[in-house]
Structure formats: C-alpha cells, structure tokens
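Asks: Structure for the following, please:
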Amino acid sequence: MPSRYGVLILTLILAGCHASTPAVKETKVTVIKYVAVPAKFTTHVDIAEPVDDTVGTMRNVAYKRKLGLQQCNKQLDSILFIQGTDSDGN
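Replies: Here you go, the predicted model:
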C-alpha cells in the first residue's frame with residue numbers, strides 16, 4: 001500500500017506543477033556581412049617621379065600621376081560598389 005500512496009502523492013504534486021510557458025519575445029537583428037575585397041582592387045599604383053627638371057618631363061610626370069589617381073579612383077569605386085555604397089559614402 002505504501003507505494004500506492006507514493007504514486008498518488010507524486011501524481012498530485014505533478015498535477016499542481018503545471019505552469020504556463022512564458023511568451024517568447026521576438027527580436028529582429030541586422031547582420032552585417034563583410035565581403036573580401038579582390039586583390040585587383042587593392043594593388044598599388046606607381047607614382048611617377050621626374051628624372052630631370054625640364055618642362056616636358058614635368059608635364060609627362062603630371063600626366064602619369066593623373067592617370068594613377070584615375071586608376072585609384074576606379075579601384076575605390078569598385079570597392080564601394082562591392083560594399084553597396086556609392087562614391088559619396090551613402
């Protein structure tokens with residue numbers, strides 16, 4: 001008989017332990033995924049240096065530096081495109 005009382009007491013205890021589950025709060029999270037920049041966009045551009053002080057040489061150096069800056073800007077625009085931003089950083 002004692003085991004029947006134990007089962008009865010256990011059943012009553014478990015019946016009284018019925019608790020409702022708490023509501024789960026849903027939270028939306030923004031995940032930022034960084035993408036690797038291809039190596040072709042991070043290569044250095046040579047900086048033209050004058051070899052003498054003539055006007056022709058300075059003009060050529062200025063032109064080569066302009067081309068280098070344009071190449072850097074193209075690479076930067078490509079990186080910004082990959083990131084999903086525009087040239088203004090928006």
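Asks: going forward, measure contacts and count neighbours with C-alpha atoms only.
Replies: OK.
Asks: which helices and strands does the helix or strand containing residue 12 pack with?
Replies: Per DSSP states H and E, residue 12 falls inside helix 2-16. Contacting helix 2-16 under the criterion 3 or more Cα pairs under 8 Å, 6 or more residues apart in numbering; DSSP states H and E is no other helix or strand.
Asks: Would you agree residue 41 is in contact with residue 78?
Replies: Yes. Assessed by Cα atoms under 8 Å, residue 41 is found in contact with residue 78 at 7.1 Å.
Asks: ok, these two, which is more surrounded?
Replies: Using other Cα atoms under 10 Å, the more surrounded residue of residue 41 and residue 78 is residue 78, with 18 against 15.
Asks: wait, what's in contact with that one?
Replies: By Cα atoms under 8 Å, 6 or more residues apart in numbering, the residues touching residue 78 are residue 41.
Asks: From residue 65, how far off is it?
Replies: 20 Å (Cα to Cα, to the nearest Å).
Asks: Over to residue 7?
Replies: Taking Cα to Cα, one finds residue 7 at 91 Å from residue 65.
Asks: neighbour-wise, which of these two wins?
Replies: More crowded of residue 7 and residue 65, by other Cα under 10 Å: residue 65, with 17 against 11.
Asks: what's the helix or strand for the more buried one?
Replies: Per DSSP H and E: helix 55-83 holds residue 65.
Asks: so how far is that helix off the chain centroid?
Replies: Distance of helix 55-83 from the chain centroid (Cα atoms, centre = their mean, to the nearest Å) equals 27 Å.
Asks: In contact with the residue most central in space within the chain, which residues?
Replies: For the chain, residue 34 is the residue whose C-alpha lies nearest the centre (Cα atoms, centre = their mean; 2.5 Å). By Cα under 8 Å, 6+ apart, the contact list for residue 34 reads residue 83.
Asks: Just the pLDDT at it, thanks.
Replies: Looking at residue 34, its pLDDT is 78.
Asks: what about it, which SS state?
Replies: coil (DSSP: H, G, I helix; E, B strand; the rest coil).
Asks: How much space separates it from residue 23?
Replies: Distance, residue 34 to residue 23, using Cα to Cα: 34 Å.
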